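> Sequence and computational prediction follow.
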Amino acid sequence: MRLLLAPLIAALATPALAVPVAPQAPTGPEVSIPFFGEDGWSDYRIDGTRGIYLLSKTDGKWYYLHVQPDCARLAQAQGFSVDTAGPGGPLDNKAAIVVEGQRCLLSSVTRSPVPPGYKTAK
């Protein structure tokens, strides 16, 4: 009985918007998402303590927000906020995320493929 409950308990303890941690975070050229402070995002997936896959409402593309140093509270977070340079500011490597009161600076923002295991609603 104990063996059958362990996977269930682990599944319930995992945040709903977490993805399986990829061996390596997406890399690529540095980008900036203009007007992010106005438009925001439509979906996201947390990637352990190192970053967030984010689907931008501005252009409908996936991005990866690299946090540095690792954001300790991110892995178990149920959400986060984004702090850009002003209300209509861009999302770039000068922005930060705030997770349960912890401010985590972004080291990089890059384009990303769809997160591992992501399934769109039909």
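Noted; the coordinates are in hand.

> Give the next helix or strand downstream of the lowest-mean-pLDDT helix or strand in the chain.
Sorting the helices and strands of the chain by mean pLDDT, DSSP states H and E puts helix 2-13 at the bottom, at a mean of 36. Remark: after helix 2-13, the chain's next helix or strand is helix 36-39, criterion DSSP states H and E.

> packing partners for the strand ranked longest in the chain?
When the chain is parsed with DSSP state E, its longest strand is strand 102-111. Here strand 102-111 touches strand 62-67, strand 96-99, going by 3 or more Cβ pairs under 8 Å, 6 or more residues apart in numbering; DSSP states H and E. In this view, the C-beta of every residue, glycine as well, is placed from N, C-alpha and C.

> For the residue nearest the centre of the chain, which non-adjacent residue is spatially closest?
Centroid-nearest residue in the chain, with Cα atoms, centre = their mean: I52, separated by 1.7 Å. On the basis of Cβ to Cβ, 6 or more residues apart in numbering, the spatially nearest residue to I52 that is not a chain neighbour turns out to be L65, at 4.6 Å.

> just checking, I46 touches G79?
No: under the criterion of Cβ atoms under 8 Å, I46 makes no contact with G79, lying 9.3 Å away.

> And those two? Which one has more around it.
I46 (26 against 11; other Cβ atoms under 10 Å).

> Could you verify that that one is part of a helix?
No: using DSSP: H, G, I helix; E, B strand; the rest coil, the secondary structure at I46 is strand, not a helix.

> That one pairs with what?
On the basis of DSSP bridges, I46 is bridged to A18, I52.

> Tell me how far it lies from A85.
Between I46 and A85 the computed distance is 23 Å (Cβ to Cβ, to the nearest Å).

> got it, and T110?
In terms of Cβ to Cβ, T110 sits 19 Å off from A85.

> more crowded one of the two?
T110 (18 against 13).

> All set, thanks.
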